[in-house]
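1. when you get a sec, could you give me coordinates for this:
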Amino acid sequence: MYLNEELWEFPSEFPLKVMGPSEAPLQEVFGDIIKKHLPEFDTKTLSVKKSRTGKHQSVTAKIWVTEKKQVLGLYEDLAAHQENSSDISLVL
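-> Predicted coordinates:
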């Protein structure tokens, strides 16, 4: 995964999106991973969108990050979950 860290400024709002099958508990999984790094994150702010066919879903979060290690930790945990589970198909 390539992350262009030179463009990052802190603190800032950072958009994250994951995609996966509709039957997966994607909102819960994504929310739990975010809360691990940002305990104050309100999972009620997650935005869920179903695909046109209803087979897939995307979940979007706008998070407030204050340092680089928060972003890197989130991407590391999301990538690890993606490798070990079928819940997350894609991390954007």
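2. show residues contacting the helix ranked longest in the chain.
-> The residue-count maximum for a helix in the chain (DSSP state H) belongs to helix 68-84. Outside helix 68-84, the residues that touch it by CB atoms under 8 Å, 6 or more residues apart in numbering are 1, 3, 5, 8, 10, 14, 16, 18, 29-30, 33-34, 36-38, 63, 65, 87-91. In this view, the C-beta of every residue, glycine as well, is placed from N, C-alpha and C.
3. pretty sure residue 26 sits against residue 60.
-> No - counting by CB atoms under 8 Å, residue 26 stays clear of residue 60, with 10.9 Å between them.
4. mind checking which of these two has more residues around it?
-> Neighbours per residue, other CB atoms under 10 Å: of residue 26 and residue 60, the larger number sits with residue 26, 22 against 16.
5. three-state assignment of the closest residue to that one other than its chain neighbours?
-> Of all residues not flanking residue 26 in the chain, residue 20 sits nearest, at 4.7 Å (CB to CB, 6 or more residues apart in numbering). Taking DSSP: H, G, I helix; E, B strand; the rest coil as the rule, one finds residue 20 in the strand state.
6. gap between residue 20 and residue 65?
-> For residue 20, the distance to residue 65 (CB to CB, to the nearest Å) stands at 23 Å.
7. and for residue 39?
-> With CB to CB as the criterion, residue 39 and residue 65 are 13 Å apart.
8. assign the closest residue to residue 64 other than its chain neighbours to helix, strand or coil.
-> Among residues not flanking residue 64 along the chain, residue 13 sits closest, at 5.8 Å (CB to CB, 6+ apart). Following three-state DSSP, the label given to residue 13 is strand.
9. so where's the protein shaky on pLDDT?
-> The chain contains residues with pLDDT under 70 at 1-5.
10. wait, isn't residue 41 in contact with residue 35?
-> Yes - the pair formed by residue 41 and residue 35 meets the contact definition of CB under 8 Å, at 5.4 Å.
11. more neighbours, these two?
-> residue 41 (18 against 13).
12. how about the contacts made by the more buried one?
-> By CB under 8 Å, 6+ apart, the residues touching residue 41 are 31, 34-35, 61, 63.
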